[in-house]
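In: Please find the sequence and the predicted model below.
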Amino acid sequence: MNTADINTKGIGTELGLKLGCDEAPIKSIEFINYRCPFARKFFQSNSYLLDEWVAAGKLQRIIKSYDRDKHDLSKANILHQYIDYGRPEEAYELIHYFYANQDVWGEMDHDGVKDWVENVVGLERQANEEIAQAIRQEGEDNGVRFVPTVILAGHILDEHEDHFTIRKWLAEALEDQDLANDFDPSALNDSNGFVLGSDQAEKTIYQFIDLYEAESAAYAKEAFPILRQALASGQVRLVTKIFSLRHGGGYKGEVMQRFVDYQTPEKALYQVEEILARRPEWVASDFEGVFKFAEEELGYDYQGNQAALKAAYREGKAVGVEASPAVFIDGQGFQADQALSALQNKL
């Protein structure tokens, strides 16, 4: 299944049959159609695992019964109208029943399906037209073309993923959530760094960057264009802290930090980007070589910045930063490879 056209940012958790508590740290958004054999395979093969996580309060499932126009799939559109969203547990069991009997009603024509669900199963039609249309609109507007399409723990999957892979993804997502919960954003402040953007911006983003780390360079390459666009639109206010993890050759990043012009924030952000982009050229040098590269190759003037570096290090420790880059957005902290994905998802 080609997932490149699916816009996960446009797909919410409001529409659909909800199983589990809203406070669950992981969400599973599932576009299914009761007539699709592949959706049946996914549902029957993985529900026991997903239900285990729901029962533990770790996962909330949002099941979106997805109307389709294809002749066979359109038979399920009829059954979608008989689900009682006000009784999620009963509705969930009913979906299992529909899948278990797919070979029975699936061979009927549309009138036969309606007769079967009313006179054999004994269900009454619900007022589901509005929600069915809203789910369909949401899916089609955001590139969901096939069933099943499941958005789970940052992955888009179909019937081909086995439950071992899904369990692995769930465990990784929970580990990431636990790591995020170790942060204490209350200790953040606007000092010890440089600030770009308006105080009236919708969001304030704090980023901690160690100039020595290769992960910081990879982050800057992808994240800085996103941040610049958000700054230009007035969406964000960006507070950048340069700190040091103080291991390995970290002192080389500290040397580079001494040349960043904090008093001119736009220039400082460009300098950070350039330092990281050219990291392979200076990272193998000794102290004197790094200093010389900053002055002669980059043309930077020495700024000092020792106090800002030490204060940013203390602040990073206080808020729980253990890797670079680290990003705080919407009251949550993300670090290492989570930082970029957080920006991509929230901006």
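Out: Nice, thanks for sending it over.

In: switch to C-alpha atoms for all contacts and neighbour counts from now on
Out: Noted.

In: In this structure residue 22 contacts residue 60, no?
Out: Yes: Residue 22 lies in contact with residue 60 (Cα atoms under 8 Å); the separation is 6.7 Å.

In: Which one's more surrounded, those two?
Out: Neighbour count, other Cα atoms under 10 Å: between residue 22 and residue 60, residue 60 has more, with 24 against 14.

In: Within its sheet, name the partner strands of the host helix or strand of that one and how each one runs.
Out: Element membership for residue 60, per DSSP states H and E: strand 59-65. In the sheet, strand 59-65 lines up against strand 17-19 (antiparallel), strand 26-32 (parallel) (DSSP bridges).

In: what about the helices in the protein?
Out: 37-55, 71-80, 88-100, 102-105, 110-115, 129-141, 163-181, 214-232, 250-257, 265-277, 279-282, 287-292, 306-319, 337-346 (DSSP state H).

In: Kindly reformat these as a markdown table containing mean neighbour count, mean pLDDT and distance to residue 123.
Out: Output for those, formatted as a markdown table (neighbours: other Cα atoms under 10 Å; pLDDT from 0 to 100; distance: least, Cα to Cα, whole Å):
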| stretch | mean neighbour count | mean pLDDT | distance to residue 123 |
| --- | --- | --- | --- |
| helix 37-55 | 17 | 89 | 21 |
| helix 71-80 | 20 | 94 | 10 |
| helix 88-100 | 16 | 95 | 10 |
| helix 102-105 | 15 | 96 | 14 |
| helix 110-115 | 16 | 96 | 10 |
| helix 129-141 | 16 | 95 | 16 |
| helix 163-181 | 15 | 71 | 32 |
| helix 214-232 | 17 | 94 | 50 |
| helix 250-257 | 23 | 88 | 67 |
| helix 265-277 | 19 | 97 | 62 |
| helix 279-282 | 16 | 95 | 66 |
| helix 287-292 | 16 | 91 | 75 |
| helix 306-319 | 18 | 90 | 54 |
| helix 337-346 | 16 | 86 | 40 |
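
In: about what we covered before: show the average pLDDT along the strand holding residue 60.
Out: If you average the pLDDT over strand 59-65, you get 95.

In: Check this protein for me, the residue farthest from its geometric middle.
Out: residue 119 (44.4 Å; Cα atoms, centre = their mean).

In: Mind pulling the model confidence for it?
Out: 96.

In: how about it, what does it touch?
Out: For residue 119, the set of contacting residues under the criterion of Cα atoms under 8 Å, 6 or more residues apart in numbering is empty.

In: Residue 125 versus that one, what's the distance?
Out: For residue 119, the distance to residue 125 equals 12 Å [Cα to Cα, to the nearest Å].

In: cool, residue 146 as well?
Out: Residue 146 is 26 Å from residue 125, by Cα to Cα.

In: more neighbours, those two?
Out: Between residue 146 and residue 125, residue 146 has the larger neighbour count (other Cα under 10 Å), namely 19 against 16.

In: residues near the residue nearest to residue 32 when sequence neighbours are not counted, how many?
Out: Excluding its sequence neighbours, the residue lying closest to residue 32 (Cα to Cα, 6 or more residues apart in numbering) is residue 148, at 4.8 Å. A count of nearby residues for residue 148, using other Cα under 10 Å, gives 27.

In: Touching, residue 148 and residue 35? I think so.
Out: No: under the contact definition of Cα under 8 Å, residue 148 does not touch residue 35, with a separation of 10.8 Å.

In: And the residue lying closest to residue 106 once chain neighbours are set aside, how close does it get to residue 135?
Out: Nearest residue to residue 106, sequence neighbours excluded (Cα to Cα, 6+ apart): residue 35, at 6.4 Å. For residue 35, the distance to residue 135 (Cα to Cα) stands at 17 Å.

In: before we move on, what about residue 84?
Out: Distance of residue 84 to residue 135, computed by Cα to Cα: 15 Å.

In: cool, residue 300 as well?
Out: Distance, residue 300 to residue 135, using Cα to Cα: 55 Å.

In: Repeat that for residue 77.
Out: 12 Å.

In: hey, what's in contact with both of these two?
Out: With contacts defined as Cα under 8 Å, 6+ apart, the residues shared by residue 77 and residue 135 are residue 66.

In: about what we covered before: pull the contacting residues for the residue nearest to residue 32.
Out: Neighbours of residue 148 in contact, by Cα under 8 Å, 6+ apart: 30, 31, 32, 33, 36, 38, 39, 42, 158, 159.

In: pLDDT wise, what is residue 247 at?
Out: The model reports residue 247 with a pLDDT of 61.
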